[in-house]
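[1] Need coordinates for the below:
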Amino acid sequence: MVDQSIEVDLHGVMVRLKEFIDYKRLSISKFSKAMGTNPSTISNALKAEGTYSISLSKLLSIFQGFPDLNPMWLLFNNGEMLGPVTDFNEVTDLKHRVRDLQRGHLILEAKLEAYQDFFQLAAGGATPSIGDFNPS
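    Residues are numbered from 1 along each chain as shown. Now for the predicted structure:
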């Protein structure tokens, strides 16, 4: 399995999130409303001293509520604060397509293995029967 973990400086994320909120001249209440969360959740996260925590679902809510916010900037301080608007329906569609391709890849690998086993039997002088061949 491929390691899909990423390393994020959560303190930096919170600092940049505060910078974005200030740039947009939003109150915590307006910001929270746009992302569909409780204002105290954001307020507490921004005030945390040494303990920074934000869930993936909250990050996704931020990006959906503020599509002009550059995710690479917020997460990794890479690029500009504002970037091209992200279409999250397109992102979700791409995630589904990647998952389908990964499933198809696994099926093809299994079929290839079945073909290889069949031909190894035939190459070894054995007479493989149809029961020896199951590429599904």
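[2] looking at this protein, which helix or strand does the model trust least?
    In the chain, the helix or strand scored least confidently by mean pLDDT, DSSP states H and E is helix 88-123, which has a mean of 78.
[3] Would you mark the buried spots in that helix?
    F118 (16 or more other Cβ atoms under 10 Å). The C-beta positions use only the backbone N, C-alpha and C, and glycine is treated the same way.
[4] where's that helix relative to the chain centroid, distance-wise?
    Averaging C-alpha positions (Cα atoms, centre = their mean, to the nearest Å) puts helix 88-123 21 Å from its chain's average.
[5] Could you name the helices and strands sitting against that helix?
    Taking 3 or more Cβ pairs under 8 Å, 6 or more residues apart in numbering; DSSP states H and E as contact, the helices and strands that helix 88-123 lies on are helix 56-65.
[6] Keeping just the C-alphas, turn the helix or strand immediately after the helix it packs on in the chain into PDB.
    Sequence-wise, the next helix or strand downstream of helix 56-65 (DSSP states H and E) is helix 71-76. Below are the C-alpha coordinates for helix 71-76, written out as PDB (Å, rounded to 0.1, in the frame of the first residue of the first chain):
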ATOM      1  CA  PRO A  71      -4.900  25.100  -0.300                       C
ATOM      2  CA  MET A  72      -1.100  24.800  -1.000                       C
ATOM      3  CA  TRP A  73      -0.600  28.200   0.700                       C
ATOM      4  CA  LEU A  74      -2.700  27.300   3.800                       C
ATOM      5  CA  LEU A  75      -1.200  23.800   4.300                       C
ATOM      6  CA  PHE A  76       2.400  24.300   3.200                       C
END
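[7] ok, and what's touching helix 71-76?
    6, 8, 13, 16-17, 20, 59, 62-63, 78-81, 83, 86 (Cβ atoms under 8 Å, 6 or more residues apart in numbering).
[8] rerun at 7 Å
    V8, V13, R16, L17, F63, N78, G79, E80, M81, G83, T86 (Cβ atoms under 7 Å, 6 or more residues apart in numbering).
[9] Now the buried members of those.
    For those, buried by 16+ other Cβ under 10 Å: V13, R16, L17, F63, T86.
[10] I'm done for today, thanks for sticking with me.
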